[in-house]
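S.K.: Give me the fold of what follows.
(chains A and B)
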Protein chains: 2
Amino acid sequence: MQNFTFLNPVKIMFGKGVVAKLGPEAAKAGKKALFVYGGGSIKKNGVYDAITAALAKEGVAVVEHSGVKPNPVLSHVRGGIKKARESNCDLIVAVGGGSVIDEAKAIAAGAKYGGDVWDFFCGKAKIGEALPLFTALTLPATGSEMNSGCVVTNEETAQKFSAQGVPLFPRVSALDPETTLTLPRAQVANGAVDAIAHIIEGYFTTTDADAAVTDELVHALARSVIASTERILKDPSDYSARASMMWSATLALNGLATCGYGGMTFINHAIEHSLSALYDIAHGAGLAIVMPAWFKHHLETAGPARLQKFGAAVFGTKTAEETIKAFEDFFRKAGAPVRLSEAGIPAADIPRIAENAMGLIRLWGMKHEQPEIEKILEKAK
Amino acid sequence: MQNFTFLNPVKIMFGKGVVAKLGPEAAKAGKKALFVYGGGSIKKNGVYDAITAALAKEGVAVVEHSGVKPNPVLSHVRGGIKKARESNCDLIVAVGGGSVIDEAKAIAAGAKYGGDVWDFFCGKAKIGEALPLFTALTLPATGSEMNSGCVVTNEETAQKFSAQGVPLFPRVSALDPETTLTLPRAQVANGAVDAIAHIIEGYFTTTDADAAVTDELVHALARSVIASTERILKDPSDYSARASMMWSATLALNGLATCGYGGMTFINHAIEHSLSALYDIAHGAGLAIVMPAWFKHHLETAGPARLQKFGAAVFGTKTAEETIKAFEDFFRKAGAPVRLSEAGIPAADIPRIAENAMGLIRLWGMKHEQPEIEKILEKAK
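M.R.: The predicted structure is shown next:
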């Protein structure tokens, strides 16, 4: 087990009706909130009304910044920063999925920074402060509600990069599983794949295979995501399954699933970011394509031990090959594509995808070269 | 899955050499520390030297308050409060096991309170503020290093009661598994039993058996504690096993293992507190006696479902009876007593033990009467 630091000060309010409790929490931080949300699904499921009523009750004024896209884009982030500054917002309330929360984080940091917010994403500046952030999550997937990272796409350069910093931890996040009962099936699938991707990165890339307690937690979260997803696919109104899925996806990227895994990387994410930057496909869909290919590469280069251990604990499989097939079967069953062709991405684009991925691989300091990434992507044809 | 709130702002620094890093962390909070520790084992294992050097380097002065007992007592807490006030300490550094950290928490709250610190333990006052607390853990067991509770025994009234409050969360806790390599075998056993006790209370007393993700985490932590303990018993110098044990025991009572378990109680702890208040036995030893008896009672009153589920996931057992036996076997193997007689406690004392336990049971608002507690204790003869 390698040395690690764990810090996660986010207050989680979990369960039925918790969205309304964000009002008093937000009022502790300020009087005027930039209210960040997406395409308007929160107006259909009642969350928009709940949050605006809760803020109004506490005397918190609201400036709306809606229209956040899945794979949130830099131009819209910049628009939010301008609005937050012009309106003198002293806090941010983000309501939606990981894209909304990620954009809100970028705005929170950008509003307090003299330079251009993209500096944080390309490593030119560190995040020293940010507007206080409060979130209500409506889509379990990215874990952004309980971590200090965010991902934004620069449309001009086709770079999907990330920024991170302690000031980006939300102060409070409200997680009401009832708000997820009406999610479209594709979003259930993408969320499940994203959570699995967060769980497996550290486990399979660690240089220390004797962080036994973290291995156990990883197995537990993976089992929970898979079992919850299967229950949700069978009965979308199953509250307990929605609740387990929601909390599992949060725990998958709040820092717990990588404690002691020194030397780990986020290689699957680095490759996937290239796919969604170039083709604007859902992050979960991209990951379902990348992971099986990367597992095959991992088996060739690192041997079968980790795949066997994971498979035995999570899928009941015996060999590494069976474990890879079990991942693929789960992704397919959830409804995600598992090959480039299934997402309409031509194999001829592989060099271009790999070249784009190298941007993030270099920025994150990983030791991979473009031919290796191309080789991995060849397995995803 | 029941509604819950999760908040845990403790910064954990984990691994080899992290004790020295407490110096700069403590220096952020003040200039004079009350340095709380126990019987002096930290002078043998190098931790005393490491922490005093680290504090001196940062210009943090130290006022020593040593001699904390296992099952820390109120009179010694009051002595620490007096010392902290007289010396104008502005922070506390606690180095040792859960007893040391618990006493340090009580001092931290008491030093900022006008009345008597026992008020917090018998429900007469709430903890509004406390001196900032920094800890270095040397005995994995209680989880106190990453939670906001503490337990103190009032020797005059033979009451072992607890207090809790957000100001009691340590700011930073340093967990170096190397400091546990020289622990006596009895403390390894007590720590393992205590961690198991923390893991099982919510799981077996919840009124909601469909918090599936938390069930998975409980299984994972229990497996990790048991496997780590068995490795440590075989090879006390096994660093990875010590590390997994240390992090497992911390996670066992940092709030994660009870998320969504509405209606849960700490009944095994309530009964055990009576044993250690009356006989001053180790908390872990007391729990190893209480738990098997309570499991038998649980089987009679609640049925076999939870014992079967836990046993299948953790021990590979099939029936509830086999699961109870597997718990007992593990406690025995670790070296803990599993019957009152094995700890030299006469069966004739059962009414007195049960009467004492009722104090905490009433204070914690549990729905149990003395005859039921006596019935449980009869199974521990």
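S.K.: What is the helix or strand of chain A with the lowest mean pLDDT packed up against?
M.R.: Of all helical and strand segments in chain A, the minimum by mean pLDDT, DSSP states H and E falls on helix A:41-44, at a mean of 91. Helix A:41-44 makes packing contacts with helix A:47-57, strand A:91-96 when contacts are defined by 3 or more Cβ pairs under 8 Å, 6 or more residues apart in numbering or on different chains; DSSP states H and E. Glycine gets a C-beta too; all of them are placed from N, C-alpha and C.
S.K.: Next, the buried residues of the longest one.
M.R.: Applying a neighbour-count criterion of 16 or more other Cβ atoms under 10 Å in any protein chain shown, one finds A:47-48, A:50-52, A:54-55 buried in helix A:47-57.
S.K.: and those residues near chain B, which?
M.R.: For chain B, no contacts are drawn from the buried residues of helix A:47-57 by Cβ under 8 Å from any Cβ of the partner chain.
S.K.: Including pLDDT, could those residues go into JSON lines?
M.R.: Shown next, in JSON lines, are those (pLDDT from 0 to 100):
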{"residue": "A:V47", "pLDDT": "95"}
{"residue": "A:Y48", "pLDDT": "96"}
{"residue": "A:A50", "pLDDT": "96"}
{"residue": "A:I51", "pLDDT": "97"}
{"residue": "A:T52", "pLDDT": "97"}
{"residue": "A:A54", "pLDDT": "97"}
{"residue": "A:L55", "pLDDT": "98"}
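S.K.: and which of those is nearest A:S99?
M.R.: Closest approach between the buried residues of helix A:47-57 and A:S99, by Cβ to Cβ: A:V47, at 15.4 Å.
S.K.: was I right about that closest one contacting A:V95?
M.R.: Yes. Contact status for A:V47 versus A:V95: in contact at 5.9 Å, counting by Cβ atoms under 8 Å.
S.K.: coming back round to it: quick one: buried residues of the least confident helix or strand of chain A?
M.R.: So, applying 16+ other Cβ under 10 Å, buried residues of helix A:41-44: A:41-42.
S.K.: and what of stretch A:367-381?
M.R.: By neighbour count on 16+ other Cβ under 10 Å, the buried set for stretch A:367-381 is A:368, A:373, A:375-377, A:379-380.
S.K.: Now do the end-to-end distance for that stretch.
M.R.: Taking Cα to Cα, to the nearest Å, stretch A:367-381 runs 24 Å from one end to the other.
S.K.: distance between that stretch and the chain's centre?
M.R.: Distance, stretch centre to chain centre, for stretch A:367-381: 23 Å (Cα atoms, centre = their mean, to the nearest Å).
S.K.: what does it contact?
M.R.: A:267, A:271, A:289-290, A:292-294, A:296-297, A:339-341, A:347, A:350-351, A:353-355, A:357-358, A:361 (Cβ atoms under 8 Å, 6 or more residues apart in numbering or on different chains).
S.K.: ok, of those residues, which come out buried?
M.R.: So, of those, A:267, A:271, A:289-290, A:292-294, A:296-297, A:339-340, A:350, A:353-354, A:357-358, A:361 end up buried under the neighbour-count rule (16+ other Cβ under 10 Å).
S.K.: And the strands in the stretch 151-300 of chain A?
M.R.: A:159-164, A:172-175 (DSSP state E, counting those that start in this stretch).
S.K.: Need the residues that contact the last one.
M.R.: So the one you mean is strand A:172-175. With Cβ under 8 Å, 6+ apart, strand A:172-175 has contacts from A:10-15, A:18-19, A:21-22, A:25-26, A:134-137, A:140, A:145-146, A:246-247, A:250.
S.K.: list the contacts for A:R231?
M.R.: Counted by Cβ under 8 Å, 6+ apart, A:R231 has contacts A:238, A:240-241.
S.K.: So which residues on the stretch 151-300 of chain A come close to chain B?
M.R.: Near chain B, the residues belonging to the stretch 151-300 of chain A are A:177, A:210-214, A:216-217, A:219-221, A:223-224, A:227-228, A:239-241, A:243-244, A:247-248, A:251, A:256, A:259-260 when assessed by Cβ under 8 Å from any Cβ.
S.K.: what about A:D90, how many neighbours?
M.R.: 16 (other Cβ atoms under 10 Å in any protein chain shown).
S.K.: If you could redo that for A:S75, that was the one I meant.
M.R.: A:S75: 11 surrounding residues under other Cβ under 10 Å.
S.K.: Would you quantify the distance from the closest residue to it other than its chain neighbours to chain B?
M.R.: Distances taken as Cβ to Cβ, 6 or more residues apart in numbering or on different chains place A:E155 nearest to A:S75, at 6.3 Å, with adjacent residues excluded. Counting by Cβ to the nearest Cβ, to the nearest Å, the gap from A:E155 to chain B is 36 Å.
S.K.: got a pLDDT number for A:E155?
M.R.: For A:E155, the pLDDT comes out at 94.
S.K.: Give me the phi and psi for it.
M.R.: The phi and psi values for A:E155, taken as degrees, to the nearest 10, are phi -60, psi -30.
S.K.: chain center to stretch A:152-160: distance?
M.R.: With Cα atoms, centre = their mean as the basis, the mean position of stretch A:152-160 lies at 17 Å from the chain mean.
S.K.: Tell me the buried residues in it?
M.R.: For stretch A:152-160, a neighbour-count test (16+ other Cβ under 10 Å) marks A:152-155, A:159-160 as buried.
S.K.: That stretch: end-to-end distance?
M.R.: One end of stretch A:152-160 to the other measures 6 Å (Cα to Cα).
S.K.: Show me what it is in contact with.
M.R.: Outside stretch A:152-160, the residues touching it (Cβ under 8 Å, 6+ apart) are A:71-75, A:77, A:102-103, A:106, A:118, A:121-122, A:151, A:161-163, A:273-274, A:276-278, A:356, A:359-360.
S.K.: In the stretch 151-300 of chain A, where is pLDDT below threshold?
M.R.: Filtered on pLDDT under 70, the stretch 151-300 of chain A yields no residues whatsoever.
S.K.: Helices of that one, start to end?
M.R.: Secondary structure of the stretch 151-300 of chain A (DSSP state H, counting those that start in this stretch): helices at A:185-205, A:212-234, A:239-252, A:267-279, A:283-302.
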